[in-house]
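K.L.:
model this:
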Amino acid sequence: MLQMLVEFQRTIYLALAEQIKLVSAGGGWLAFLTFLPMGIIFGAAHALTPGHSKSILATYLIGSESGLSRGLGVSLVLSFTHVTMAVLIALLSLPLVSIALGSVGRAPMLEDVSRGLLGLIGLWMLWRAVNHRGHSHYGHEGEAVGIMAGLIPCPLTLFAMTFAISRGVPEAGLAFAATMMLGVAFTLSAVALLAVFFRRQLLHLLQSYPRALASVTWSVEGIAGAVLAAVAVHEIFMR
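P.N.:
Coordinates of the predicted model:
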């Protein structure tokens with residue numbers, strides 16, 4: 001399955017490169033615009049591969065009290081930040097790419113910042129669960145998680161933007177990045193909905209047992225917080 005996704009992405013990326021070359025040569029905009037919807041499929045398939053903070057997103061939503069609309073909101077913020085970071089790195093300074101990226105398609109510095117902030121959110125959730133504190137005053141916590149998790153730039157967006165800029169047609173890269181964002185958002189939204197649905201089903205099964213329901217509610221949040229903190233420590237210090 002993973003190999004099929006990799007090959008599929010490679011095929012689309014090579015086709016994108018040809019389209020950008022045609023646009024760079026002074027024509028081919030109509031063909032490029034016709035090709036753009038492939039960016040949605042490309043983004044959705046790319047987000048299915050390892051990474052993109054899917055596990056972080058699911059863990060947070062299972063441990064929080066987020067409903068379907070809030071879960072979708074978090075996934076959209078994550079998708080927007082994830083793709084936009086790559087666009088900004090490419091647009092603002094191409095030399096920054098060689099400095100910030102330790103290896104092809106990775107940004108170790110941004111990864112550390114992202115995971116460190118998420119680790120703090122995890123510790124906060126753990127503390128809140130242990131002390132049985134409510135959520136009413138932390139309405140923007142989910143959006144903050146989406147931004148923090150999305151700080152790691154999308155590698156394929158970065159490649160596409162860099163190639164388009166090197167060919168003198170950054171607008172083509174921006175257009176493709178926008179369609180990719182829609183595809184990434186589709187996959188991450190599906191993950192968010194499944195996580196919220198799982199949590200709701202679990203709590204529904206326990207409605208007949210009020211004491212167990214309260215204990216499970218706090219336990220789930222505490223476990224999710226502990227997992228986020230553990231993942232942060234592992235990815236920062238153990239990789």
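K.L.:
contact partners for R200?
P.N.:
Not one residue lies near R200 by CB atoms under 8 Å, 6 or more residues apart in numbering. All C-beta atoms are positioned from the backbone trio N, CA, C, and that covers glycine.
K.L.:
mind giving me the packing neighbours of the helix or strand encompassing A160?
P.N.:
Using DSSP states H and E, A160 sits in helix 155-166. Judged by 3 or more CB pairs under 8 Å, 6 or more residues apart in numbering; DSSP states H and E, helix 155-166 is in contact with helix 2-24, helix 68-92, helix 94-100, helix 170-205.
K.L.:
for L33, which of those is the nearest?
P.N.:
Counting by CB to CB, L33 lies closest to helix 170-205 out of the helices and strands packed on helix 155-166; the figure is 7.9 Å.
K.L.:
quick one: buried residues of the closest one?
P.N.:
Across helix 170-205, burial judged by 16 or more other CB atoms under 10 Å covers 170, 172-192, 195-196, 199.
K.L.:
related to what we said a few turns ago, now the helix holding A160: buried residues?
P.N.:
Neighbour counts over helix 155-166 (16+ other CB under 10 Å) mark 155-165 as buried.
K.L.:
run the angle between it and helix 68-92 for me.
P.N.:
30 degrees (axes from the mean of the first three to the mean of the last three CA atoms, to 10 degrees).
K.L.:
state the mean pLDDT of helix 155-166.
P.N.:
Per-residue pLDDT over helix 155-166 has a mean of 88.
K.L.:
repeat that for stretch 31-49.
P.N.:
Mean predicted lDDT for stretch 31-49 stands at 91.
K.L.:
any idea how far apart the tips of that stretch sit?
P.N.:
28 Å (CA to CA, to the nearest Å).
K.L.:
who touches that stretch?
P.N.:
With CB under 8 Å, 6+ apart as the criterion, stretch 31-49 contacts 2, 5-6, 8-9, 12-13, 15-16, 19-20, 22-23, 52, 54, 79, 83, 154, 156, 172, 175-188.
K.L.:
redo the helices and strands packed on helix 155-166 as JSON lines? Include mean pLDDT and distance to I121.
P.N.:
Formatted as JSON lines, the helices and strands packed on helix 155-166 follow (pLDDT from 0 to 100; distance: least, CB to CB, whole Å):
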{"stretch": "helix 2-24", "mean pLDDT": "88", "distance to I121": "29"}
{"stretch": "helix 68-92", "mean pLDDT": "90", "distance to I121": "12"}
{"stretch": "helix 94-100", "mean pLDDT": "48", "distance to I121": "23"}
{"stretch": "helix 170-205", "mean pLDDT": "92", "distance to I121": "16"}
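K.L.:
who wins for proximity to V130 among those helices?
P.N.:
So among the helices and strands packed on helix 155-166, helix 170-205 is nearest, using CB to CB, at 19.3 Å.
K.L.:
list the buried residues for the helix or strand following the closest one?
P.N.:
Per DSSP H and E, the first helix or strand lying C-terminal to helix 170-205 is helix 210-237. By 16+ other CB under 10 Å, the buried positions in helix 210-237 come out as 217, 220-229, 231-232, 235-236.
K.L.:
biggest separation within the residues you listed, which pair?
P.N.:
Among those, T217 and I236 lie farthest apart (CB to CB), at 29.4 Å.
K.L.:
what helix or strand is Y60 on?
P.N.:
Per DSSP H and E, Y60 falls inside helix 54-63.
K.L.:
V87 against A175, yeah?
P.N.:
No: in this structure V87 lies outside contact range of A175 using CB atoms under 8 Å: 11.1 Å.
K.L.:
one step back: got TSV for the helices and strands packed on helix 155-166, with distance to A129 too?
P.N.:
As requested, the helices and strands packed on helix 155-166 are exported to TSV (distance: least, CB to CB, whole Å):
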stretch	distance to A129
helix 2-24	35
helix 68-92	18
helix 94-100	35
helix 170-205	14
